[in-house]
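*Asks:* here is the input, now give the coordinates:
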Amino acid sequence: MHKRELADWLGHRTSGHVELRVCAEPRLLPLLRSVARMVASGEGLDPDAVTDVTVAVDEAYTSLIQHSVPGAVLTCRYVVAGGYLCVAVSATTSHGSVPDSRTFGWRVLDGVTDAVSAWRLEPDTLRAIDRVVHIDFAKQFARGRGG
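*Replies:* Here you go, the predicted model:
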């Protein structure tokens, strides 16, 4: 899959852009969960959707942190577009592989979001390690709420 810019993924009608960059370390998961809850709540998602976003963020972060290279930076972007809260998470991983869609974690991520994808940039096809892996997902607002 090729690299997508947020404008390509989300369209041009976006708002509420928040970007967070932290060390890809498990000890920061509580902070990352809190930010996810705060952004989702602040954008007006109902309590169930806030929980879904928090669970999805936790699964995406955990998947990337488990395989990140030492010193990697975990990046997370939150954007509201077209009635969705869209989240893009990335980190440099040691194996360069996207998450396996057959794992329990991926199935949870798929189950609590309205759209999910994983991809990596292919700058050097001869090098299969140390690549930035991306996980993008979106959660739709309740009907009547737009972004």
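*Asks:* quick check, residue 71 in a helix?
*Replies:* No. Counting by DSSP: H, G, I helix; E, B strand; the rest coil, residue 71 falls outside a helix, being coil.
*Asks:* isn't it right up against residue 23?
*Replies:* Yes. The pair residue 71 and residue 23 passes the contact test of C-beta atoms under 8 Å, sitting 7.4 Å apart. C-betas here are computed from N, CA, C, even on glycine.
*Asks:* low-confidence stretches in the chain?
*Replies:* Along the chain, segments meeting pLDDT under 70 span 1-16, 122-130, 143-147.
*Asks:* after the longest helix anywhere in it, next one along is what?
*Replies:* Longest helix of the chain, by residue count under DSSP state H: helix 47-66. Following helix 47-66 in sequence order, the next helix or strand is strand 73-81 (DSSP states H and E).
*Asks:* buried residues in that next one?
*Replies:* The neighbour-count check on strand 73-81 (16 or more other C-beta atoms under 10 Å) flags 74-81 as buried.
*Asks:* now it and helix 47-66, what's the angle there?
*Replies:* Here strand 73-81 runs at an angle of 150 degrees relative to helix 47-66 (axes from the mean of the first three to the mean of the last three C-alpha atoms, to 10 degrees).
*Asks:* can you give me the helices for this protein?
*Replies:* Going by DSSP H, the chain shows helices at 6-10, 29-42, 47-66, 104-112.
*Asks:* out of those, flag the one nearest residue 91.
*Replies:* helix 47-66 (4.1 Å; C-beta to C-beta).
*Asks:* okay, the angle between that closest one and helix 104-112?
*Replies:* Using the same axes, to 10 degrees, helix 47-66 lies at 150 degrees relative to helix 104-112.
*Asks:* any idea how far helix 47-66 is from the chain center?
*Replies:* Distance of helix 47-66 from its chain centroid, counting by C-alpha atoms, centre = their mean, to the nearest Å, is 8 Å.
*Asks:* which helices and strands does that helix pack with?
*Replies:* Here helix 47-66 touches helix 29-42, strand 73-81, strand 84-93, helix 104-112, strand 131-140, going by 3 or more C-beta pairs under 8 Å, 6 or more residues apart in numbering; DSSP states H and E.
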